[in-house]
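**Q** here is my input, please return the structure:
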Amino acid sequence: MKISNTYQLQHQAKVWETALYVRLSQDDIDQSISNSVKNQIEMLETYVKKSKEDIFNVVDTYIDDGYSGTSFIRPDFIRMMDDIKKLKVDCIITKDLARFGRDHIGTDNYLEIYLPSMNVRFITLMNPCLDSFKNPQKMNSIEVPFLNLINEEYARDISRKTKSSLQSKCKNGKYVGSHTPYGYLKDTEDRNKLIVDENTVMNVVQIFEWYINGMNLSEIARSLNDRGILSPIAYKSKYGINKKPKNANRNTFGLWENSMVKRILVCQLYTGDMVQGKTISYNYKMKKRTPLPKEKWIIVHDTHEAIIRQEQFDTVQELISKSFKSEEKAKPSAFAQYIKCADCKKNMIRTISTSNGKRYSKFVCSTSKKYGKKVCSSHIISEDVLHEVVLYAIQTQIACAVDIEELINKVKNKDVVHRTLAFLEKKYSKLENESARINRLKQGLYEDCKSGLITEDEYLDMKLQYEKSNKEINIELSNLSKEIVNTSEQITERNKYINMFKEFGNITKVTREVVVALVEEIIVHEGKRIEVVFKFKDEFKERL
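**A** This is a model prediction of the structure:
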């Protein structure tokens, strides 16, 4: 890649719209503070202030604190590139190549192709000092891609050392996770040691006791929500243990879900055993981690205070195992994805239970099941009742379709239908002729104005009146066209919507096929009132 002298001349004596880019990850921190965010910012700002040959207008300082250079998916890096696309930025200044990126292929692509194509100047202040505008030869030398390769190898080496260090800590029973399990905190004197969180420990105990006593995941989640107990993520966010997720739902953040309860019930850490190394990343560039089989987990016994006795934990695991084994795979319901809660508008989901050897199937509001009745009531309805109500509604609608068809058959051959169609067509033709006449008059207005027969004000006023008249005629023509089509259908063939319902004329059972073909949605109101909304409702209304 070469930067021409023309490119240089174009940018001499100009104001550079500048981005100061700063990046720091845990891997970059060494014994000195040379890489600290504060130090990097001061270095870049000093360079800009002391520059005598160039004028730099700092658009913004883009900071990615805690992000690895091996990936370009960094919030402020992406924001900086967006500002380049919007032509807000045409110069980047950063401390060194490693701050910009440690992926040599990606970094080379940006420096050799993308930034030059966008006419963006690139400057590093050290290791080495680069300036794509003042010294394009150095920028194009073999040194830059070679340094990028070294920076990537450094990241690879750090990754290996970090992984080795973490494995060593895990084998010694030290906690290396960034987030602690609900019920525990990190010891302020030893960040690799877990201590009991007195504010939440009894909630964990209660969850295990409830499950042993027969409550299922949904019931436990609802009970916690009804008591106003914050979910693990909301609790840690409130007390500053972890940050609140940016994509958190305002209405449901803080509420327990089934998955949260289950995560606690299967966590062996509550027995006092340190269980780590359950997943692995096979490449330092990949964020996705692959689960490992249990025999490869790193388990060290009795490393911290237990919250749950081993016997309790074993009992819960046995109950969970039996629960999943005993669950039969039920056939999908005919109403799946069609049945909605009238209040929260969310889908209702099917729950199946067995009592005295008899199986019961009901639909409940998914919001209520997840977050409890305080957010939305259950709107519970038996699937058998649904079948009866929907079957009756479909049979009634089919009977209505048959009645409509019989009425159409009675009148379609009568003179009145033919006379009506002839009248509509004649009216349509008259309106078309009137529209053509107005257009001719409108075209002659300009010539009349040009020859002085009418004034300019008269021309504009009459032109406006003609346009208004034509607009009204066009609306009437559109309505007449629909009437003509509807009347013609009565004379020619049965309506396709009527045919659709008549196809299921002898229906005695609601199947998935019937629901998909005829039903728009089924809305369940509080008090077990069911509203069946059919497809083609507007067409039926028209025929009636």
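**Q** I'd say residue 18 and residue 47 touch.
**A** No: the pair residue 18 and residue 47 fails to qualify as a contact (Cβ atoms under 8 Å) at a distance of 10.2 Å. C-beta here means a position set from N, CA and C on the backbone, and glycine is covered the same way.
**Q** on the three-state scheme, residue 354 is what?
**A** strand (DSSP: H, G, I helix; E, B strand; the rest coil).
**Q** not counting its neighbours along the chain, what's nearest it?
**A** Closest residue to residue 354 apart from its sequence neighbours, by Cβ to Cβ, 6 or more residues apart in numbering: residue 360 at 7.3 Å.
**Q** list the contacts of the one you found.
**A** Counting by Cβ atoms under 8 Å, 6 or more residues apart in numbering, residue 360 makes contact with 352-354, 382.
**Q** mind listing the helices for the stretch 251-400 of the chain?
**A** Remark: helices assigned in the stretch 251-400 of the chain by DSSP state H, counting those that start in this stretch are 258-265, 310-326, 366-371, 383-411.
**Q** of these, which is nearest residue 428?
**A** helix 383-411 (21.4 Å; Cβ to Cβ).
**Q** quickly list what residue 534 is bridged to.
**A** residue 519 (DSSP bridges).
**Q** report how many residues lie close to it.
**A** As a burial measure, residue 534 scores 16 neighbours (other Cβ atoms under 10 Å).
**Q** check residue 132 too.
**A** Using other Cβ under 10 Å, residue 132 is surrounded by 25 other residues.
**Q** so what pLDDT did it get?
**A** Note on residue 132: pLDDT of 93.
**Q** look up how far residue 122 lies from it.
**A** From residue 132 across to residue 122, the span is 5 Å (Cβ to Cβ, to the nearest Å).
**Q** give me the low-pLDDT residue ranges for the protein?
**A** Low-confidence segments of the chain (pLDDT under 70): 1-13, 26-35, 242-252, 282-288, 322-331, 357, 401-417, 489-503, 505, 536-544.
**Q** related to what we said a few turns ago, who's the residue nearest to residue 354 bridged to?
**A** Under the criterion used (DSSP bridges), residue 360 bridges to residue 353.
**Q** how near is it to residue 385?
**A** Distance, residue 360 to residue 385, using Cβ to Cβ: 12 Å.
**Q** where do the contact lists of the two overlap?
**A** In contact with both residue 360 and residue 385: no residue, using Cβ under 8 Å, 6+ apart.
**Q** flag every buried residue along stretch 355-372.
**A** Neighbour counts over stretch 355-372 (16 or more other Cβ atoms under 10 Å) mark 362-372 as buried.
**Q** I should have written stretch 339-351 there, sorry.
**A** So, applying 16+ other Cβ under 10 Å, buried residues of stretch 339-351: 339-341, 343-344, 347-351.
**Q** residues near residue 431, how many?
**A** Neighbours around residue 431, by other Cβ under 10 Å: 16.
**Q** what ranges does the stretch 1-150 of the chain have for its strands?
**A** Counting by DSSP state E, counting those that start in this stretch, the stretch 1-150 of the chain has strands at residues 15-24, 55-65, 91-94, 121-125, 129-131.
**Q** any chance of the ones you listed in TSV, plus distance to residue 199?
**A** Output for the strands of the stretch 1-150 of the chain, formatted as TSV (distance: least, Cβ to Cβ, whole Å):
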stretch	distance to residue 199
strand 15-24	33
strand 55-65	29
strand 91-94	44
strand 121-125	48
strand 129-131	53
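**Q** nearest to residue 265, out of these?
**A** strand 55-65 (36.1 Å).
**Q** how many neighbours does residue 85 have?
**A** Residue neighbour count, defined by other Cβ under 10 Å, stands at 9 for residue 85.
**Q** same check on residue 426?
**A** For residue 426, the neighbour count with other Cβ under 10 Å is 10.
**Q** winner for burial among the helices of the stretch 251-400 of the chain?
**A** helix 366-371 (a mean of 22; mean count of other Cβ atoms under 10 Å).
**Q** please consider this matter closed, and thank you.
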